[in-house]
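Colleague: sequence first, predicted model second:
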Amino acid sequence: MADLSPRRSAILTFIRDQHASHGHPPSLAEIADACGLASRGAARKHVLALAEAGLIEVASGQARGIRPAGVQARPGLLQVPILGRVAAGTPIDADAGLVDTLAMDARLFSPRPDYLLRVQGDSMINDGILDGDLVGVHRTPEAWDGQTVVARIDGELTIKRLQRARRQIVLLPRNPAHAPILVGPGQDFAIEGVYCGLVRRG
């Protein structure tokens, strides 16, 4: 670190500290904020310079793909992407882009989640799924009767309990204040995945 400028030394220290204390590295926005940089672009320039010096490693296409050189992900932790929000009341727009990545204990989920979605609404509270929770979703187009699923209806996403009865698909809320959603024969409907656990931040 003797050849680094004070700014880059501070950035490297911040990356190492964040990885050691949280199990995952900071995002570019967090680096910029913590180290007094004007933008994510400025942070990126310093990060790439540190990578060229062999002091950190950068994985392309990941929101938190920065880590100290030679440091492996903590055993037993999953790096799971967080995508947009999903309604637990009225379905919302399904344009769910990458928001962040979260490192979590693999034992919290079964099966393994492919991504996390943030719940919006209270229609699943009787199943312990609350507004603001991050729900783990295992990507699959198939689900059993009675499973909690993330479904796409006419381009919108919702999380509900699946019911198949007499050739009728019904998405059941777990709150009596909300009505079931009946999937009509002409609707664009698909199961995006099945619920496999949740994370609730304090």
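Modeller: Looks like it came in fine. Numbering: from 1, shown residues only.
Colleague: okay, now residue 161: neighbour count?
Modeller: By other C-beta atoms under 10 Å, the residues close to residue 161 number 20. C-beta here means a position set from N, CA and C on the backbone, and glycine is covered the same way.
Colleague: for it, give me phi and psi.
Modeller: Dihedral pair for residue 161: phi -90, psi 130, per degrees, to the nearest 10.
Colleague: for the residue nearest to it when sequence neighbours are not counted, give me the pLDDT.
Modeller: Of all residues beyond its chain neighbours, the one nearest residue 161 is residue 172 (4.4 Å), with distances taken as C-beta to C-beta, 6 or more residues apart in numbering. The predicted local distance difference test score for residue 172 is 96.
Colleague: please, where are all the strands along the chain?
Modeller: Under the criterion DSSP state E, the chain contains strands at 56-58, 66-68, 77-87, 92-93, 98-105, 115-120, 134-139, 148-153, 156-165, 168-172, 181-183, 189-199.
Colleague: so what touches the last one?
Modeller: Yep, that's strand 189-199 we're talking about. If you take C-beta atoms under 8 Å, 6 or more residues apart in numbering as the criterion, strand 189-199 is touched by 102, 104, 108-114, 116, 128-129, 133-143, 147-154, 157, 159, 162, 169, 183.
Colleague: which positions within that strand qualify as buried?
Modeller: Judged by neighbour count (16 or more other C-beta atoms under 10 Å), strand 189-199 contains these buried residues: 191, 192, 193, 194, 195, 196, 197, 198, 199.
Colleague: residue 82: which of those residues is nearest?
Modeller: Proximity of the buried residues of strand 189-199 to residue 82 was ranked by C-beta to C-beta; the top entry is residue 199 with 9.4 Å.
Colleague: quick check: bridge partners of the most centrally placed residue in the chain?
Modeller: Residue closest to the mean C-alpha point of the chain, counted by C-alpha atoms, centre = their mean, is residue 82 at 1.5 Å. Residues found in beta-bridge contact with residue 82 (criterion: DSSP bridges) are residue 100, residue 116.
Colleague: distance to residue 45 and pLDDT added to the buried residues of strand 189-199, as JSON lines?
Modeller: Conversion of the buried residues of strand 189-199 to JSON lines gives the following (distance: C-beta to C-beta, whole Å; pLDDT from 0 to 100):
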{"residue": "191", "distance to residue 45": "43", "pLDDT": "92"}
{"residue": "192", "distance to residue 45": "37", "pLDDT": "90"}
{"residue": "193", "distance to residue 45": "37", "pLDDT": "91"}
{"residue": "194", "distance to residue 45": "42", "pLDDT": "94"}
{"residue": "195", "distance to residue 45": "41", "pLDDT": "94"}
{"residue": "196", "distance to residue 45": "39", "pLDDT": "92"}
{"residue": "197", "distance to residue 45": "38", "pLDDT": "90"}
{"residue": "198", "distance to residue 45": "38", "pLDDT": "89"}
{"residue": "199", "distance to residue 45": "33", "pLDDT": "86"}
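Colleague: turn these into TSV, columns for distance to residue 55.
Modeller: Shown next, in TSV, are those (distance: C-beta to C-beta, whole Å):
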residue	distance to residue 55
191	45
192	40
193	38
194	41
195	40
196	37
197	36
198	36
199	31
